[in-house]
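Enquirer: got a structure for you, letters missing:
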């Protein structure tokens with residue numbers, strides 16, 4: 001794609017209406033629980049700010065589906081052994097000889113709880129990092145566009161291209177994190193069909209969009225003797241460095257988000273935890289069933305729900321980019337915010353340029 005400015009007959013100034021269709025195409029409709037499930041104050045899944053009633057009795061905000069098969073296995077095993085031992089007179093005398101050292105039992109349970117808490121802490125840190133990075137994307141995009149609309153006013157074509165490609169970075173990053181192809185409807189109006197195809201065909205769309213920003217930024221800030229820009233060299237250099245920092249911030253935050261997607265928790269760590277967790281839960285009826293008797297049918301599934309719930313929560317927040325999960329990051333809403341901010345800034349620029 002050429003960086004040269006098109007002829008006046010081809011170039012049309014960027015107007016804020018160009019963002020209407022991409023904004024409308026973003027899926028910002030919140031995920032809503034089943035009609036019989038408890039909803040939060042905003043009608044979607046409950047949040048931590050919605051109070052005890054909404055959160056304690058909520059089933060939609062949990063990740064039980066990630067641990068349903070281990071839970072059923074452990075529960076069925078507990079029922080089988082409890083019924084076998086307590087309903088059979090032949091096996092019943094054996095119950096009185098079953099003893100288990102409490103230190104061993106409590107020590108193993110404490111160790112597993114500590115390890116699971118550490119896993120959950122590491123996973124939440126990844127979630128928090130992703131949330132922070134997307135917040136930085138919103139702020140940096142806003143700063144980039146706000147600044148270039150002022151400092152690039154003497155080169156409107158390349159200025160407008162910087163604005164458009166800055167908006168495209170967030171859309172491309174969202175699709176990449178969800179491992180989906182670029183959706184044309186989310187960019188058409190901001191970019192041309194040819195530009196969207198070039199973006200789709202690139203190996204790394206967010207990086208391609210950032211590179212296009214840099215190419216147009218060079219054209220805006222370039223100081224050439226034939227344009228009588230020599231007296232402006234110091235000022236242009238400072239502006240260029242500032243905009244490069246904004247662009248580097250977008251690339252840096254995008255790279256951090258991609259690293260979260262590409263580097264899950266080490267398999268050896270997760271596999272080791274899950275193996276010993278299953279061994280512990282399956283062995284509970286055999287080791288403590290004689291003490292709990294028929295209560296084993298209730299106690300073992302309850303313990304399993306606690307431990308497997310922690311493991312499922314860790315798995316849920318470890319990769320927060322899966323759309324439709326109750327605990328995912330709303331990437332569409334982040335992109336919606338970025339586009340709305342840019343649209344507002346462009347509208348203000350249109351007003352100053354007399355284009356409204």
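Expert: Nice, thanks for sending it over. A quick note: this is a predicted structure, and the numbers were derived from the prediction, not measured.

Enquirer: contact partners for residue 28?
Expert: If you count contacts by C-beta atoms under 8 Å, 6 or more residues apart in numbering, residue 28 has them with 330, 332, 333, 336. Quick note: C-beta positions are derived from backbone N, CA and C, even for glycine.

Enquirer: can you confirm it is in a helix?
Expert: No - read with DSSP: H, G, I helix; E, B strand; the rest coil, residue 28 is coil and lies in no helix.

Enquirer: confidence-wise, which of the contacts of residue 28 comes last?
Expert: Lowest pLDDT within these is found at residue 330 (87).

Enquirer: for that one, grab phi and psi.
Expert: Per-residue torsions, residue 330: phi -80, psi 80 (degrees, to the nearest 10).

Enquirer: give me the neighbour count for it.
Expert: 17 (other C-beta atoms under 10 Å).

Enquirer: may I have the phi/psi pair for residue 263?
Expert: phi -130, psi 80.

Enquirer: how close does it sit to residue 126?
Expert: When distance is defined by C-beta to C-beta, to the nearest Å, residue 263 is 9 Å away from residue 126.

Enquirer: so these two - more neighbours on which side?
Expert: More neighbours surround residue 126 than the other of residue 263 and residue 126, with 20 against 9 (other C-beta under 10 Å).

Enquirer: packing partners of the host helix or strand of residue 165?
Expert: Using DSSP states H and E, residue 165 falls within helix 156-177. Applying 3 or more C-beta pairs under 8 Å, 6 or more residues apart in numbering; DSSP states H and E, we find helix 156-177 packed against helix 102-151, helix 205-221, helix 233-262, helix 331-353.

Enquirer: for the record, mean pLDDT for the second one?
Expert: Think helix 205-221. Helix 205-221 shows a mean pLDDT of 92.

Enquirer: the closest residue to residue 325 other than its chain neighbours - how many residues pack around it?
Expert: Spatial nearest neighbour of residue 325, excluding adjacent residues (C-beta to C-beta, 6 or more residues apart in numbering): residue 316 at 6.7 Å. Neighbourhood size, residue 316 [other C-beta under 10 Å]: 24.

Enquirer: now do the same contact list for residue 316.
Expert: So residue 316 contacts 63, 66, 123, 325, 327 (C-beta under 8 Å, 6+ apart).

Enquirer: and it, how close does it get to residue 140?
Expert: Going from residue 316 to residue 140 by C-beta to C-beta gives 28 Å.
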